[in-house]
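Q: Here's my sequence, what's the structure:
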Amino acid sequence: MANTEPPPDSVLYIDLDIILDEPWLRAYKYNIHRVLRAYRLRATSIRITPSQNKGLHVRIYLDKTIPADRQLLLQFLLCDDHARTGFNRARVELGYAAWNKLHEAADWDHLRRRIPTHLSSGRNTTRKQP
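A: Alright, predicted model coming up:
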């Protein structure tokens with residue numbers, strides 16, 4: 001049996017931390033198409049499902065594959081959770097192949113050691129008192 005999963009570099013994953021009513025969802029979908037058109041892309045399917053904790057998960061299936069940095073930018077422009085965007089930028093920068101995840105427990109210690117300083121907010125560092 002053939003694998004029916006699309007290539008990971010042809011799907012945008014967006015974590016929206018809000019529940020939208022139907023008129024706002026229609027406007028959001030319209031905006032998705034406008035943003036994609038600006039980048040010469042087309043959505044073959046848009047799936048919106050409730051997330052486990054709060055809000056919605058959006059999966060946008062594209063008509064072609066795109067590089068990770070372009071995926072990341074489009075997800076950001078389409079209102080992906082900002083903390084998730086920050087972690088994903090670090091993952092892409094470090095060359096992780098499976099950087100684009102919606103369901104994952106954060107490995108904070110591992111990430112703290114590996115995130116380049118120019119991508120870190122620096123808020124998680126502990127300062128020694130004089």
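
Q: distance between the biggest helix by length in the chain and the chain's centre?
A: Longest helix in the chain, counting residues (DSSP state H): helix 22-38. Its chain's C-alpha centre and that of helix 22-38 lie 17 Å apart, by C-alpha atoms, centre = their mean, to the nearest Å.

Q: can you check stretch 89-101 too?
A: What separates the centre of stretch 89-101 from the centre of its chain is 11 Å, taken as C-alpha atoms, centre = their mean.

Q: for stretch 70-82, same thing?
A: On C-alpha atoms, centre = their mean, the centre of stretch 70-82 falls 6 Å from the chain's centre.

Q: show me where this protein has helices.
A: 22-38, 68-77, 82-94, 108-114.

Q: can these go into JSON lines with extra columns for mean pLDDT and mean neighbour count?
A: Just so you know, the C-beta spots here come from the backbone N, C-alpha and C atoms, and that holds for glycine as well. Below are the helices of the chain laid out as JSON lines (pLDDT from 0 to 100; neighbours: other C-beta atoms under 10 Å):
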{"stretch": "helix 22-38", "mean pLDDT": "97", "mean neighbour count": "13"}
{"stretch": "helix 68-77", "mean pLDDT": "95", "mean neighbour count": "18"}
{"stretch": "helix 82-94", "mean pLDDT": "91", "mean neighbour count": "17"}
{"stretch": "helix 108-114", "mean pLDDT": "47", "mean neighbour count": "10"}
